[in-house]
Each structure stands twice: as C-alpha cells, then as structure tokens.
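S.K.: The sequence and its predicted three-dimensional model are supplied below.
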Amino acid sequence: MTEDLSARLRSADPAVGLRAAGALRRLAERVEATHVELARREGWSWEQIGDALGVSRQSIHAKYGKRR
C-alpha cells in the first residue's frame, strides 16, 4: 500500500495526483469524524475538540453537532 501511494504521489499525471488527494481528504474526514465522536463520548467539550483541531468550537459543532 505504501509503495502504491508513493508511486501515485510521484506521478506526472494530474488526474492520478488529484484522485490521490481526494482519497486522502476522504480518509482525513473519516478519521476526524471517528475521533470527534470518541471525544464527545468521553465528555470532551466542543471547545476542547475545536482547540485540538485548530478550529473554533462553533465550526466543529456546526459540522458534527447534529450527528448524534
């Protein structure tokens, strides 16, 4: 998997690079959502989560607050 990703990052084809960037973005969103949910279950405030992500509590609450 690592070799495949490395090869994609070195590709001269913009379509390959853009697909890789999109895949990474989707993965990052899943990781974030998973850990926001875990943090909330452990009693973290929206402010603590926002601080950990480097965003405001309002923006993180707007993104995840109604998913419960």
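M.R.: Structure's in. What do you need?

S.K.: In three-state terms, label Leu27 for me.
M.R.: Here Leu27 is recorded as helix under DSSP: H, G, I helix; E, B strand; the rest coil.

S.K.: So what's the residue count around it?
M.R.: Residues lying near Leu27 (other CB atoms under 10 Å) number 10. Just so you know, the C-beta spots here come from the backbone N, C-alpha and C atoms, and that holds for glycine as well.

S.K.: What does the pLDDT read for it?
M.R.: Listed pLDDT for Leu27 reads 98.

S.K.: Contact partners for it?
M.R.: Neighbour list for Leu27: empty [criterion: CB atoms under 8 Å, 6 or more residues apart in numbering].

S.K.: how close does it get to Ile49?
M.R.: Per CB to CB, to the nearest Å, Leu27 is found 19 Å from Ile49.

S.K.: quick one, helices of this protein?
M.R.: Along the chain, counting by DSSP state H, helices occupy 2-10, 14-41, 46-53, 57-64.

S.K.: quick check: mean pLDDT across the third one?
M.R.: In this case it means helix 46-53. Confidence for helix 46-53, expressed as mean pLDDT, is 98.

S.K.: just the angle between it and helix 14-41, please?
M.R.: For helix 46-53 against helix 14-41, the angle by axes from the mean of the first three to the mean of the last three CA atoms, to 10 degrees is 140 degrees.

S.K.: Summarise which helices and strands helix 46-53 is packed against.
M.R.: In terms of contacts (3 or more CB pairs under 8 Å, 6 or more residues apart in numbering; DSSP states H and E), helix 46-53 is packed against helix 14-41, helix 57-64.

S.K.: Name the residues of it that come out as buried.
M.R.: Applying a neighbour-count criterion of 16 or more other CB atoms under 10 Å, one finds Trp46, Ile49, Gly50, Leu53 buried in helix 46-53.
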